[in-house]
Each structure stands twice: as C-alpha cells, then as structure tokens.
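Engineer: what follows is a predicted structure for the sequence shown.
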Amino acid sequence: MKSKQLFFALVILLVLLISSLFGIAYGANSIMGKQATKLSKLRADSNALDTLQASVAKNKQDIAKYSTLNAIAKNIVPQDKDQAEAVREIVDLASQSGIAQLSSITLPRSQLGVSSTVPGTKTNPDLTQLIAVKGMPGVYQLQITVTEDKKYEIPYNQFLTFLSKLEQNRRTAQVSSITIQPDPQKPGLVAFTLVISEFIKP
C-alpha cells in the first residue's frame, strides 16, 4: 500500500513538474516574443534615424553648395518693389534707345490700407500691387504698363532697341505683352503698349 501511495505521489509530482516546465516555457516564449517586437521596433527607429541623419547631412551639403547661387539670385531679383527706381530705369532705357519721351508708365492700383480677406488684418504693404508667381514660393511680380501713343510715335528700330534693353535689365527682365500700332501714313513709325513684369523677392 505504501508503494502505491508513493507511486501516485511520484506521478502527481511528475505531472506538476511537467506542467511547471510548460508554464515556464510559455512564459519564456512570451517574454522573448515581446523582446523581439521591441528589438524590431528599435531597429526600425534606428534605420529611420539613420535615414534622417543622411538627409540632414545632404541638406547641409546642398545649402553649402547652393549658397553662392542664392547670393546671385538675391543680387539678380530685387528685394523690394522700389517703384520710383523701376520708373527711372525704364525712362533711362528709353532715353538710351533714342526715345525722348514716353506717353505714360502705369502701375497697378495700390491696395495699401484696404482690409485683406482675413478679418481684422490689413494688406501687407510690401505685397500690395504684387501677384504671386506660380511655382516660385516667395517670388512676386509687379506689372508695369508702358505706353507710347500716336502723339509720340517712334521709329521701329528704336522700339526694338528699347525692347532689348528692357529684357536685359534686372528689374524689367520680362515683357509679358506687346501691342504695336504702325502709323498708316508713315510706316516706319509705331506707337506701342508694353506690359512688363518686374520680379521681386521681398
């Protein structure tokens, strides 16, 4: 009888031992799974940081590489919309082209002091009269209309010279619209209207 009791006690002990081993194995497996997930996340974070670090390093190289280009762009594109300077340059270029007098130089109507579309705010005085250039953030254009009416008609070759000088000037580098009216009585003389875009990066 004692040997049977001992046998049953050993069987129960063996079952408990096996159950404990399974429990320990399951617990260890769960812990290892969690650690593997953490390790995978840490590796992903590490790769993301490496990519970000490489991107920052490249951006720094690009800034250094293009700093000269940025300085040139600042010198080429005016930083302000100095209207008096723009008008003076147009008049000087006309004079250099043999045009003694222009009929008119017209600038867009100013919105200075007028409320913007955002309630409680005013139009930025640096941006009034300007139109944003699509695809070039921070760059604006001021449209200037230059007119030479029939009263002050000029020879066509002087008009071409004036046009060329305008397009070589940093403030008036783009002529966006040209209207020419030849004199029916004197075919060599023309009146004209030009729309010039002055580019500005305030």
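Structural biologist: Alright, I've got the coordinates. Quick caveat, the model's predicted, so the values are computed rather than measured.
Engineer: going forward, measure contacts and count neighbours with C-alpha atoms only.
Structural biologist: Will do.
Engineer: how about the strands in the protein?
Structural biologist: For the chain, the strands defined by DSSP state E cover 104-106, 131-132, 140-148, 154-155, 174-182, 189-200.
Engineer: out of these, flag the one nearest residue 41.
Structural biologist: In this view, those are compared for proximity to residue 41 by CA to CA, and strand 131-132 is the closest at 44.7 Å.
Engineer: okay, now the domains of this structure?
Structural biologist: Following automatic domain parsing, the chain resolves into domains at 1-76, 83-200.
Engineer: least confident of these, on average?
Structural biologist: Of all these, the minimum mean pLDDT falls on domain 1-76 (a mean of 74).
Engineer: which elements pack onto the longest helix anywhere in the chain?
Structural biologist: The helix spanning the most residues in the chain, taking DSSP state H as the definition, is helix 2-76. With contacts taken as 3 or more CA pairs under 8 Å, 6 or more residues apart in numbering; DSSP states H and E, helix 2-76 sits against no other helix or strand.
Engineer: any idea how far it is from the chain center?
Structural biologist: For helix 2-76, the distance between its averaged C-alpha position and the chain's averaged C-alpha position is 40 Å (CA atoms, centre = their mean, to the nearest Å).
Engineer: so how far is residue 19 from residue 90?
Structural biologist: Counting by CA to CA, to the nearest Å, the gap between residue 90 and residue 19 amounts to 97 Å.
Engineer: of the two, who's got more company?
Structural biologist: Summary of the neighbour comparison: residue 90 and residue 19, criterion other CA atoms under 10 Å, with residue 90 having more neighbours (22 against 12).
Engineer: so that one touches residue 167, yeah?
Structural biologist: No: the criterion here is CA atoms under 8 Å, and residue 90 misses it with residue 167 at 10.9 Å.
Engineer: what's the closest non-adjacent residue to residue 190?
Structural biologist: Closest residue in space to residue 190, ignoring its immediate chain neighbours: residue 182 at 4.3 Å, by CA to CA, 6 or more residues apart in numbering.
Engineer: residues near residue 131, how many?
Structural biologist: Applying the criterion other CA under 10 Å, we find 15 residues in the vicinity of residue 131.
Engineer: who's in contact with it?
Structural biologist: Residues counted as contacts of residue 131 (CA atoms under 8 Å, 6 or more residues apart in numbering) are 140, 141, 142.
Engineer: got a winner among those residues for most neighbours?
Structural biologist: Counting neighbours by other CA under 10 Å, the one among the contacts of residue 131 with the most is residue 142, which has 23 neighbours.
Engineer: and that residue, how far from residue 98?
Structural biologist: Distance of residue 142 to residue 98, computed by CA to CA: 26 Å.
Engineer: tell me which residue lies nearest the centroid of this structure.
Structural biologist: When CA atoms, centre = their mean is applied to the chain, the residue found nearest the centroid is residue 137 (3.2 Å).
Engineer: what's that one sitting at in phi/psi?
Structural biologist: Dihedral pair for residue 137: phi -60, psi 140, per degrees, to the nearest 10.
Engineer: quick one: it and residue 131, what's the gap?
Structural biologist: Using CA to CA, one gets 11 Å for the distance from residue 137 to residue 131.
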